[in-house]
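structure of the sequence below:
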Amino acid sequence: MKIKQLFDPASSTYTYLLWDADSGQAALIDSVKEQVDRDEKLIHELGLNLVWLLETHIHADHITGSGDLRQRSQQTAKVAVHSASGSRCADRLLQDGDEITLGEETIKVLYTPGHTDADISYLVNGAVFTGDSLLIRGSGRTDFQAGDAGTSYDSITGKLFTLNDETKVYPGHDYKGQTVSTIAEEKKYNPRIGAGRSRDEYISIMDDLKLAKPARIEEAVPGNMACGL
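The predicted model follows:
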């Protein structure tokens, strides 16, 4: 499996292009509408066949480019998101344990709710793409879209922290210029949930964040329910 990490500076969103080197089949995780031209150009330059447009959840801070990219692929690329999302446009509604095939490679779906009730992570070949469930030295806020701090703790400690310590962590966002971590690093150094913090401690930390509402939430959430179209 090959990986390209792409960045949208306006929303600090990471988009990931994954592909099977032998078949050229590709998936794009968490596309951004304003970056559709960039992503399409890269896919064509690499000679890839885009078959999956994967979402980690319904985003509140940017609008997805999945609908646009599906149209540009002549409907051959399929949009996938978790079944709890309420998506009106996805081609496949995913469940925990589902598998997505790219050539000879297999991507496993992990249901990791807490930031929202529809968060999933994608596990493949020693790498996990965690969306907003687990960030580098942080985690996704839990104060809207059916988020729940206790559920977030359970997802991170019960699903993600049980992966091999060497598993690379590729988050959905980063605001400090970091690009990749590992499960071992986050278990040891993540100030919110690492170093053996208890569930109650984590809930208290998340409840005390007092973050401002995402600037684009009113347009982003309904827009992403419709694949950005």
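
okay, strands next: where are they in the chain?
All strands of the chain, identified by DSSP state E, fall at 2-8, 13-19, 25-29, 49-54, 78-82, 92-94, 99-102, 105-111, 120-124, 127-131, 168-171, 181-182.

the residue positioned nearest the centre of the chain pairs with what?
The centre of the chain sits closest to residue 131, judged by C-alpha atoms, centre = their mean, with a distance of 2.6 Å. Under DSSP bridges, the beta-bridge partners of residue 131 are residue 171.

identify the residues contacting it.
Contacts for residue 131 (C-beta atoms under 8 Å, 6 or more residues apart in numbering) come out as 30, 56, 57, 112, 115, 119, 120, 121, 140, 171, 172. Glycine gets a C-beta too; all of them are placed from N, C-alpha and C.

swap in residue 203?
Counting by C-beta under 8 Å, 6+ apart, residue 203 makes contact with 149, 150, 153.

quick one: the second one and residue 199 touch, right?
Yes. In this structure residue 150 lies within contact range of residue 199 using C-beta atoms under 8 Å: 6.3 Å.

picking that back up, what pLDDT does the residue nearest to the centre of the chain get?
Confidence at residue 131, expressed as pLDDT, is 98.

with residue 215 instead?
So residue 215 comes in at 88 (pLDDT).

ok, and the closest non-adjacent residue to it?
With sequence-adjacent residues excluded and distances taken as C-beta to C-beta, 6 or more residues apart in numbering, residue 215 is closest to residue 61, at 7.6 Å.

also residue 59?
Per C-beta to C-beta, 6+ apart, closest to residue 59 is residue 224, 5.3 Å.

ok, now residue 205?
Closest to residue 205 by C-beta to C-beta, 6+ apart is residue 192, at 5.3 Å.

tell me the spacing between the one you found and residue 85.
25 Å (C-beta to C-beta, to the nearest Å).

re earlier: wait, what's in contact with the residue nearest to residue 215?
Each residue near residue 61 by C-beta under 8 Å, 6+ apart is listed here: 11, 13, 173, 214, 215, 216, 217, 220.

please pick the buried ones from those residues.
Taking 16 or more other C-beta atoms under 10 Å as the criterion, what is buried in these is 11, 13, 173, 214, 216, 220.

from memory the second one sits against residue 30, does it?
So that's residue 13. Yes. Between residue 13 and residue 30 there is a contact at 6.3 Å, judged by C-beta under 8 Å.
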